[in-house]
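Asker: build the 3D model from these lines:
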Amino acid sequence: MNQGRCAIRSLLLGIMLLLTACGEAQLVAVRSQGQQGALFPAVQGGGNYVQISKATATITLSASSQLFISFSATGWVTPLDTGSTFAPPLFIQCQVDGNPCPVGTSPSVPFLYPIQHQGDACCDYDTRTYTWVVDGVPAGTHTITMWGQFGQPSLAKVATISDWSLVVGTAGRSGARRMRTYQVAFEGDTKQIRDVPGPEAAH
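Answerer: Residues are numbered from 1 along each chain as shown. Purely as a prediction, here's the structure:
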């Protein structure tokens, strides 16, 4: 029995440990005040993106980081025809320092709001939310802005958003995870640990 235990303890074991060294987490939140909504008249082909007033956040990073940018807004669409039952989407774009946040191959995200007919008393509105994940944002101060674009004037007059919120967060330093290898050898009753620095694991 003892010989078996010694044989097992004499094996050389390789143990991989992942050590994470993150910078300080941050969270910046901005919300609409009063009637700080936005109107987006329908333009053929969508036209240029229109900045949503005051939907702006600034964050200062001490190291390269991954940003999480979440935008929520309550809205509705005013149709061109009172009998219309189809509402085209309002396209929302996030920008970091003037550059669109990546959404696959698209520069924006569709927020599909319900139709609100003139004279409707209640509830023809809804809330939409999307969170962008932006990798590799370098150290320094960065400005996040929100933009909207609304097309198909043959179907609708205008898209409106009222209450909204913009939340920007970072979990810390991107690419700061380091991997170290510890080789543990058991020789009899003696345990020897040798620290072998491993490569950085970029994320």
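Asker: neighbouring contacts of stretch 66-73?
Answerer: With contacts defined as C-beta atoms under 8 Å, 6 or more residues apart in numbering, stretch 66-73 is touched by 55, 59, 92, 94, 96, 101, 111, 127-137, 142, 144, 146, 161-171, 174, 203. To be clear about C-beta, it is placed using only N, CA and C from the backbone, and glycine gets the same treatment.
Asker: buried set for that stretch?
Answerer: Neighbour counts over stretch 66-73 (16 or more other C-beta atoms under 10 Å) mark 66, 67, 69, 71, 72, 73 as buried.
Asker: next step: those residues restricted to strands.
Answerer: Counted as lying in strands by DSSP state E, out of the buried residues of stretch 66-73, are 66, 67, 69, 71, 72, 73.
Asker: low-confidence bits of this protein, can you list those?
Answerer: In the predicted model of the chain, residues 1-24, 33-36, 118-122, 172-203 satisfy pLDDT under 70.
Asker: how does it divide into domains?
Answerer: 1-21+176-203, 23-175 (automatic domain parsing).
Asker: leaving out chain neighbours, which residue sits closest to residue 113?
Answerer: Sequence neighbours aside, residue 75 is the residue nearest to residue 113 in space, at 4.4 Å (criterion: C-beta to C-beta, 6 or more residues apart in numbering).
Asker: what does that neighbour show for phi and psi?
Answerer: Dihedral angles of residue 75 (phi, psi; degrees, to the nearest 10) stand at phi -160, psi 180.
Asker: was I right to think it contacts residue 115?
Answerer: No: judged on C-beta atoms under 8 Å, residue 75 makes no contact with residue 115 at a distance of 11.2 Å.
Asker: the helices in the protein, which residues?
Answerer: 2-9 (DSSP state H).
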